[in-house]
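Asks: just coords:
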């Protein structure tokens, strides 16, 4: 109540969000990165997607303005670009290298766009990755920052899965920290959300973005744009406050919080491993480790007859596979064609969110289905 | 909890919003209008503004596409049009006729736009009016519907103040009801919000829009667009549910609800009258009755010396007036130039939201200030 100046949750807040919550978020960022954060550069939003839209609104001036997006990617970016009339400049993640990023591929992508008259204005990175489940190495991140600096691109870092890291040796590092550690002047927008992590409070639609190295006059325009919609929902703002300022050692609820948090993340990690190893045991399927986020994105190699059947049905082959899986088992996966994939490859996105009591059964159902599918189209 | 299929408020809902809430909204509309409403044509949004944005996204294809907006108008519309690269086709409300709408003025406006190569695609109406506080007569509404039908315009009815009607003889009638009563085929989008009425739960950001007479294929695209941002916040959805389904006679809480609701609306009405009569007592000030919404929008006639002082300061004269009022009294009003006004006229928007204990003092402070201002620049 103090944080709302006594107005509670029923009144509009400052268009950037409650000052109290933005201060809590700034403290969280400072503690995480070891570099200062300014509450005036933080905007609270209805989920991270609203922030993505707002920043794209600033970046895209004409259909010749491009935004570099990873392939595969969470389709928010491609959809938003279609809506806002900008060009999607696609760069491919390297499946053979844990879905890593390579600077030569970024250079190829930006040059190809340029040859087509498209000016790349920004580069979007999702880390940990959706749908890939990959976590970027520090070296990859440094390469991205330096590339953006050379090419004068705004770096848009979608870091909504920052709590969801299960791999050893690649602890989450924010792009903010990498930018500051390198003393880089690259313009950066970083997104976070209450919908992921171990909290998963999606319905609250809490989110924020932080602007780093952005000209104060541009931040002023961000503020003006935010004020058109008045403010984000207050419950989501308070949820964000709670998420970034959890119980601390010494607090009465700390032990319970720690147990729940660690238990939840450990269960996600164990299920991620079960799922990926189950997928890798399937004929013609290879799957990178789900290092983070909530997804595995296996590559499937289907028999010629399955490709033919898909063609005859006017369906993408991975969509045919997903539909038959759904019909046979009730398990819903998303065809790789929804996220984009390298020409000639097929994937699907699946998740390890089903509970401990369900994951073994789900994996075994997928295995049975897969083996039947391969026989059917042999 | 039943309405969320047991997921509570922490999970994403259907992208149109919880089915349960959309059914409640449909029942409310049916009861209000005496015409059926379809939950599948109702979209729950983060406040009404999100719905306005979504519909403009569908309507504007190029800078030659125009949206007719009232002058004066709540600047959401002009700001959204600037952002989305559409043209604002301005039609003037008739101050001398209780801020009413006239069909000849609509015809002038659409013809003028056409002469400039702008295709008008939709007409936005705010009823009850913001900032005018006016309520449209049934005849005006019928004229608007028929005009939109003739000109093939989508009618966008911002009806967020539908509970806030204080005038006798002009009970709130929705454009949905007028369209249905006339058996009109005009395409209509109607907006509502939890932020106004007697509830005023702005921070919840609950809102909805209803699509009437819109091709099902277009409604499908509305759904697709809504799904890009997943869903609106669940607390706002539930708040909408509570607002449109209040306690009924026989319910335990009905008596208290009735007392609070009627008391609140009666107090708003009484303060509206006090404010307007106070404004009309001021030299050179005329103000239409605040028939609805939460605002009065007086016209002020300032001395030549004040206009000159404003010019020398690089300020609009109404902005100079508002700033001096703020400095002298702490009372904040919004200059008419922020909403648009007829060339050569000056206004400001003020509100009767301050409590019963404050309104007399506020009016008397404004009167004192005004009289001093007129002397200062005499």
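Replies: Okay, I see it. These numbers were taken from a predicted model, which means no experiment stands behind them.
Asks: distance of residue A:373 from residue A:79?
Replies: Between residue A:373 and residue A:79 the distance is 30 Å, computed by Cβ to Cβ, to the nearest Å. For the C-beta atoms, the positions are set from N, CA and C on the backbone; glycine is no exception.
Asks: which of those two has more neighbours?
Replies: residue A:373 (21 against 18; other Cβ atoms under 10 Å in any protein chain shown).
Asks: Is that one located within a helix, as I assumed?
Replies: Yes: under DSSP: H, G, I helix; E, B strand; the rest coil, residue A:373 falls within a helix.
Asks: my guess is it contacts residue A:306, does it?
Replies: Yes: here residue A:373 lies in contact with residue A:306, judged by Cβ atoms under 8 Å, at a distance of 7.2 Å.
Asks: overlap in contacts of these two?
Replies: Common neighbours of residue A:373 and residue A:306 (criterion: Cβ atoms under 8 Å, 6 or more residues apart in numbering or on different chains): residue A:321.
Asks: Would you quantify the distance from residue A:88 to residue A:132?
Replies: Distance of residue A:88 to residue A:132, given as Cβ to Cβ: 17 Å.
Asks: same thing with residue A:319?
Replies: Residue A:319 is 19 Å from residue A:132, by Cβ to Cβ.
Asks: Give me the more crowded residue out of these two.
Replies: With neighbours defined as other Cβ under 10 Å, residue A:319 and residue A:132 compare such that residue A:132 has more, 29 against 19.
Asks: low-confidence ranges in chain A?
Replies: Applying pLDDT under 70 to chain A flags the ranges A:1.
Asks: And the strands in it?
Replies: A:42-46, A:65-71, A:87-92, A:119-126, A:154-158, A:188-193, A:206-212, A:285-286, A:295-296, A:299-300, A:334-335, A:348-351 (DSSP state E).
Asks: Out of the ones you listed, the one nearest chain B is which?
Replies: Set against chain B and scored by Cβ to the nearest Cβ, the strands of chain A come closest in strand A:42-46, at 5.0 Å.
Asks: Tell me the gap between that closest one and the middle of its chain.
Replies: 17 Å (Cα atoms, centre = their mean, to the nearest Å).
Asks: neighbouring contacts of that strand?
Replies: Residues contacting strand A:42-46 (Cβ under 8 Å, 6+ apart): A:13, A:16-18, A:21-22, A:25-26, A:51, A:54, A:205-211, A:222-223, A:226, A:231-233, A:236-237, A:240, B:46, B:50, B:205, B:229, B:232-233.
Asks: and whatever residue of the stretch 251-378 of chain A ends up closest to chain B, how many neighbours?
Replies: Relative to chain B, the nearest point of the stretch 251-378 of chain A is residue A:353 (11.3 Å; Cβ to the nearest Cβ). Applying other Cβ under 10 Å, we find 12 residues neighbouring residue A:353.
Asks: how close does it get to residue A:75?
Replies: Look at residue A:353 and residue A:75: by Cβ to Cβ, they are 19 Å apart.
Asks: Repeat that for residue A:40.
Replies: As for residue A:40, its distance to residue A:75 is 32 Å (criterion: Cβ to Cβ).
Asks: repeat for residue A:225
Replies: 23 Å.
Asks: so who does the closest residue to residue A:128 other than its chain neighbours touch?
Replies: Leaving aside its chain neighbours, residue A:128 sits nearest to residue A:292 (2.9 Å; criterion: Cβ to Cβ, 6 or more residues apart in numbering or on different chains). By Cβ under 8 Å, 6+ apart, residue A:292 lies in contact with A:127-129, A:133-135, A:161, A:164-167, A:172.
Asks: Quickly list what residue A:292 is bridged to.
Replies: Following DSSP bridges, residue A:292 is listed with bridge partners residue A:165.
Asks: cool, and residue A:210?
Replies: The partner residues for residue A:210, given DSSP bridges, come to residue A:42, residue A:190.
Asks: Show me which residues of chain A sit near chain B.
Replies: Residues of chain A lying near chain B by Cβ under 8 Å from any Cβ of the partner chain: A:4, A:7-13, A:46-47, A:49-50, A:53, A:57, A:76, A:79-80, A:83, A:195, A:200-205, A:225, A:228-236.
Asks: Kindly recompute the last result at 7 Å.
Replies: Neighbours of chain B within chain A, by Cβ under 7 Å from any Cβ of the partner chain: A:9-13, A:46-47, A:49-50, A:57, A:76, A:79-80, A:83, A:200-205, A:228-230, A:233-236.
Asks: Which ones among the contacts of strand A:42-46 map onto helices?
Replies: A:21-22, A:25-26, A:51, A:54, A:222-223, A:226, A:236-237, A:240, B:50 (DSSP state H).
Asks: And the buried ones among those residues, selectable in ChimeraX?
Replies: The ChimeraX command for the buried members of the ones in helices among the contacts of strand A:42-46 (criterion: 16 or more other Cβ atoms under 10 Å in any protein chain shown) is given here:
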select /A:21,22,25,26,51,54,222,226,236,237,240 /B:50
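Asks: For the ones in helices among the contacts of strand A:42-46, give me CSV that also has distance to residue A:119.
Replies: Shown next, in CSV, are those (distance: Cβ to Cβ, whole Å):
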residue, distance to residue A:119
A:21, 36
A:22, 33
A:25, 32
A:26, 33
A:51, 23
A:54, 20
A:222, 21
A:223, 26
A:226, 26
A:236, 35
A:237, 36
A:240, 34
B:50, 30
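Asks: if we can go back for a sec, of the contacts of residue A:292, closest to chain B?
Replies: Distances from chain B to the contacts of residue A:292, taken by Cβ to the nearest Cβ, are shortest for residue A:161, at 15.5 Å.
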